[in-house]
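Visitor: Show me how the following folds:
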Amino acid sequence: MFLGTHSPRLDDKGRLFVPAKFREELAAGVVITKGQERCLYVFPLAEFSRITERLREAPVTARAVRDYTRVFFASASDETPDKQGRITVPPALRTYAGLTRECVVIGQNTRLEIWDTAAWQAYEAEQEQAFSDLSEEVLPGVL
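Guide: Residues are numbered from 1 along each chain as shown. Presented below is the predicted three-dimensional model:
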């Protein structure tokens, strides 16, 4: 399970230090792809495989499935952390997410998300009230 908010930086070669607490779980490799709201999703290989299996079961006759899977898989890049725990974020994905140097990596349960710092701060500020309002709708009787 991935939790928390971390602030690593991209180096000049587009490499990002994976937060130390996640390195062991991600040592075998990751898949980075486009996420919603212009962030990047980082999946451990096992989780990406699970999602791939579920998407294989989706009907290719449904336009939304075709549209989503085309973008999801076409933008995906498999990466293996180096000995220092860095992963390379491909240029096209850095451009999509607006990543320069300052980044935020958030734990999102079964995946990580990489955000441009300013974009994350704006998103978080915008969603703060919605977070309070949605707890009853998203988690009725749980919290």
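Visitor: The helix or strand harbouring Arg94: how far from the chain's middle?
Guide: Using DSSP states H and E, Arg94 sits in helix 91-97. How far helix 91-97 lies from its chain's middle: 13 Å, per Cα atoms, centre = their mean, to the nearest Å.
Visitor: tell me what the helix or strand of the chain with the lowest mean pLDDT is packed against?
Guide: Sorted by mean pLDDT, DSSP states H and E, the helices and strands of the chain end with helix 117-138, the least confident at a mean of 85. In terms of contacts (3 or more Cβ pairs under 8 Å, 6 or more residues apart in numbering; DSSP states H and E), helix 117-138 is packed against strand 103-108. Using the backbone N, CA and C atoms, a C-beta is placed for each residue, glycine as well.
Visitor: Can you list the residue ranges for helices in this protein?
Guide: Under the criterion DSSP state H, helices of the chain are mapped to 23-26, 45-57, 63-74, 91-97, 117-138.
Visitor: now those in CSV, with mean neighbour count?
Guide: Formatted as CSV, the helices of the chain follow (neighbours: other Cβ atoms under 10 Å):
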stretch, mean neighbour count
helix 23-26, 15
helix 45-57, 13
helix 63-74, 12
helix 91-97, 16
helix 117-138, 12
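Visitor: I'd like those helices laid out as TSV, including distance to Glu37.
Guide: Compiled in TSV, these are given as follows (distance: least, Cβ to Cβ, whole Å):
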stretch	distance to Glu37
helix 23-26	22
helix 45-57	18
helix 63-74	14
helix 91-97	10
helix 117-138	6
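Visitor: and of those, who's closest to Arg38?
Guide: Nearest to Arg38 among these is helix 91-97; the distance by Cβ to Cβ comes to 5.5 Å.
Visitor: elements contacting the closest one?
Guide: Using 3+ Cβ pairs under 8 Å, 6+ apart, the elements in contact with helix 91-97 are strand 30-34, strand 40-44, strand 111-116.
Visitor: how about JSON lines for these, with distance to Met1 added?
Guide: JSON lines is the format used below for those (distance: least, Cβ to Cβ, whole Å):
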{"stretch": "strand 30-34", "distance to Met1": "16"}
{"stretch": "strand 40-44", "distance to Met1": "11"}
{"stretch": "strand 111-116", "distance to Met1": "10"}
